[in-house]
Structures are given as C-alpha cells and as structure tokens.
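K.L.:
give the three-dimensional model of this entry:
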Amino acid sequence: MPASDTTDPRVLFDVDYEQRIATITLNSPERRNSYDAAMRDALERCLDAVAEDDDLTVVLLRGADGVFSTGADMNNAYGWYGDKAEKPADAAAVRKSRPSQRRRLTVDRKTFGFYHNLMGFPKVTVGEISGYALGGGFEMALMMDIAVVGRDTRLGMPATRFLGPALGSLHMFFHRLGPVLARRMLLTGDIMTAGEIEHLGIFTETCAPEAVSARARYWAEKTAKMPADGVVIAKEAFRLVEQSQAYQTEEVCSYLFHAYGTNLQFAPGEFNFVKTRAEHGTREAFRLRDEHFHVSEPEV
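P.N.:
Modelled structure (predicted):
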C-alpha cells in the first residue's frame, strides 16, 4: 500500500502493514541512484515516518533498476554547501571560490547527522544491495542491520582518490571492514566486488545477483515477525554497545574529518577532481581520474 508522498519522485515510499514492512526505493536510475541534498532529505523524511509509526517494524532500503547507490552526486561538488548566487554583486566570484571552513562544518554536521541516525535507526534496516554501492551508498550498505549483496556488486569509496582517505565514518569502516581492508580501500580507492570479500562475512548474505531482491525480502519478512518493542529496545542496546566499544567521539570526529579533509591543497602532479571537472566536465573528469590512478599489476 503506498504511503504518503515524499514530495520527491526520486525517493519512493511504500508500506505493507500486513507484513509490518516499509520499502524505500532510491529512484534516480539515470544517475545510478546517486543523491543530492534534497534527495537525501526526502529519504530522511521517509525514515522518520517509519520510526514514528508503531505499526512498522522493518524498513527495506533498495535502489531502482538493480543499482543500490553510487553515493553523493558529484556533478556539483560544492553544491552540497549551498549556492550563494542570489547575491548578484559577487555571484561569479562566489561560485568559483571554495566554501568557507565554517560553511563546511555547518553542512557536514547536518550531513553526518543523517548517517548517524541511519546507523542507530530504531527499527530493523534491511539493505537490498545490487549493482553498485559506492561512496555514501557503500556507507549506507555497511550501516544496514541486515544486508543482502549480489556477488557482482561493486563496492568502494572512490572519492578517496580526489579527497584523500580522511573522510567521515572512519570508525565505522574500521569496525565493519576490519583495519586491513579498511586501510586498503581508503588508501587506494580500490573498487571491489562483494564476491571478492564474501569470505570475510562483512554482510549478512552474499548471493547470486538475480537472487538479491527475493533474499532481501525474505530477511525483511523474517525480522518483521519479531516483537516490535523488543526490536526497538534491542536496537538501542546495540547502539549503546557500539558507541562504548567502537564509536566513541565518532559523532563529532566524522564531520570534522570530512570538513577539514575536503579542504585540500593539491601539489603539482596530484589529481584535482574539482578543477578537472570544471575544465573537462564530470564524465571526462572521472575518466581522467581513473587514468591517473591506474597502476599496472607487476608481471610475475
């Protein structure tokens, strides 16, 4: 049964009260379900509706057309920090300048508030992870209570190749992935398939791509049969344990690391994505990024 409109067609929200499951679908397939601030806010409104509805126990998060999410939309890298072009006297100068550090901190505090709320969401979260889970999409996949991932799903944090590895959520990467894999992915920007790391048991279930949707629904229905009050109490207990064992100070450190880490100076020969995108366009900037970071494997 359809739930109330989110006011953004790029986020679809449906509820099944008989099964006690809400389904949220990221619906921007032409951009591989990457999201901007407005789309993220619509997703947050859906999550708030689920959290406040006593008749729902589980939220199933998925992406349209077999792609989970490629994370934040980088077509306008500084657009996340707000457009000040309404000031005509200096509009051109503002658009070309970097956002101030105070602006970065203000916006990143809000951005990571969304991720913190998702990580500690009071209902069961089930992720249907297919195709791509990159950047913020990868972070959301790691935050799910139950994650079903296709073996061919491509995972990673490619933004480290133009922002460096001091992104937010560092604590979560180390806690979820382990220090060895976390360092590899953050220090290289490598994109890996879920099948390559299946043996590490990072996700609840890794399966054939064609089985992801059915298996995710299976887990949603299975967890939805649990006592609703018991689930909420358990989720709060889980959060307390993680905060005391792994995430101490994380709520502040995450946005501080991101706000400072995105204000980089680039030495000659280093790849500057924002400058390259301005000169060549987004698609070509991504191609040039991959070309810059490519290192051939040694012949044995």
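K.L.:
list the buried residues in the one helix or strand residue 222 maps to.
P.N.:
For residue 222, the element it lies in under DSSP states H and E is helix 212-224. Of the residues in helix 212-224, 212-213, 215-217, 219-221, 223-224 count as buried by neighbour count, 16 or more other Cβ atoms under 10 Å. The way it works is simple: take the backbone N, C-alpha and C, and place the C-beta from them, glycine included.
K.L.:
cool, stretch 161-181 as well?
P.N.:
Buried-residue list, stretch 161-181, by 16+ other Cβ under 10 Å: 161-163, 165, 167-177, 181.
K.L.:
mind giving me the packing neighbours of the host helix or strand of residue 22?
P.N.:
Assigned by DSSP H and E, residue 22 belongs to strand 21-26. Contact partners of strand 21-26 among helices and strands, from 3 or more Cβ pairs under 8 Å, 6 or more residues apart in numbering; DSSP states H and E: strand 11-16, helix 37-51, strand 58-63, helix 212-224.
K.L.:
what would the ones you listed look like in TSV with distance to residue 237 and mean pLDDT?
P.N.:
Compiled in TSV, these are given as follows (distance: least, Cβ to Cβ, whole Å; pLDDT from 0 to 100):
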stretch	distance to residue 237	mean pLDDT
strand 11-16	26	98
helix 37-51	17	95
strand 58-63	18	98
helix 212-224	16	98
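K.L.:
how far away is residue 257 from residue 112?
P.N.:
Per Cβ to Cβ, to the nearest Å, residue 257 is found 9 Å from residue 112.
K.L.:
quick one, which of these two is more surrounded?
P.N.:
Ranked by neighbour count (other Cβ atoms under 10 Å), residue 257 and residue 112 place residue 112 first, with 24 against 20.
K.L.:
which elements pack onto the helix or strand containing the more buried one?
P.N.:
Residue 112 is part of helix 101-119, with elements assigned from DSSP H and E. Here helix 101-119 touches helix 37-51, helix 136-143, helix 250-261, going by 3+ Cβ pairs under 8 Å, 6+ apart.
K.L.:
render the CA-only coordinates of the longest one in PDB, please.
P.N.:
Pointing back at helix 37-51 there. Listed next in PDB are the C-alpha coordinates belonging to helix 37-51 (Å, rounded to 0.1, in the frame of the first residue of the first chain):
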ATOM      1  CA  ALA A  37      21.000  17.100  -0.600                       C
ATOM      2  CA  ALA A  38      17.300  17.300  -1.500                       C
ATOM      3  CA  MET A  39      17.100  13.600  -2.300                       C
ATOM      4  CA  ARG A  40      18.800  12.700   1.000                       C
ATOM      5  CA  ASP A  41      16.400  14.900   2.900                       C
ATOM      6  CA  ALA A  42      13.500  13.100   1.200                       C
ATOM      7  CA  LEU A  43      15.000   9.800   2.300                       C
ATOM      8  CA  GLU A  44      15.300  11.100   5.800                       C
ATOM      9  CA  ARG A  45      11.600  12.100   5.900                       C
ATOM     10  CA  CYS A  46      10.700   8.600   4.900                       C
ATOM     11  CA  LEU A  47      12.900   7.100   7.600                       C
ATOM     12  CA  ASP A  48      11.300   9.500  10.200                       C
ATOM     13  CA  ALA A  49       7.900   8.300   9.100                       C
ATOM     14  CA  VAL A  50       8.900   4.700   9.700                       C
ATOM     15  CA  ALA A  51      10.500   5.400  13.000                       C
END
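K.L.:
dump the residue contacts of residue 188.
P.N.:
residue 160 (Cβ atoms under 8 Å, 6 or more residues apart in numbering).
K.L.:
hmm, 10 Å instead?
P.N.:
When contacts are counted by Cβ atoms under 10 Å, 6 or more residues apart in numbering, residue 188 touches 156-157, 160-161, 165, 293, 295.
K.L.:
so in this protein, where's the weakest helix or strand by average pLDDT?
P.N.:
helix 91-96 (a mean of 48; mean pLDDT, DSSP states H and E).
K.L.:
isn't residue 207 right up against residue 147?
P.N.:
No. Residue 207 is not in contact with residue 147 according to Cβ atoms under 10 Å; the separation is 11.1 Å.
K.L.:
in the chain, where is pLDDT below threshold?
P.N.:
1-6, 75-80, 83-97, 166 (pLDDT under 70).
K.L.:
returning to that earlier point: give the partner strands of the strand holding residue 22 in its sheet and their orientations.
P.N.:
strand 11-16 (antiparallel), strand 58-63 (parallel) (DSSP bridges).
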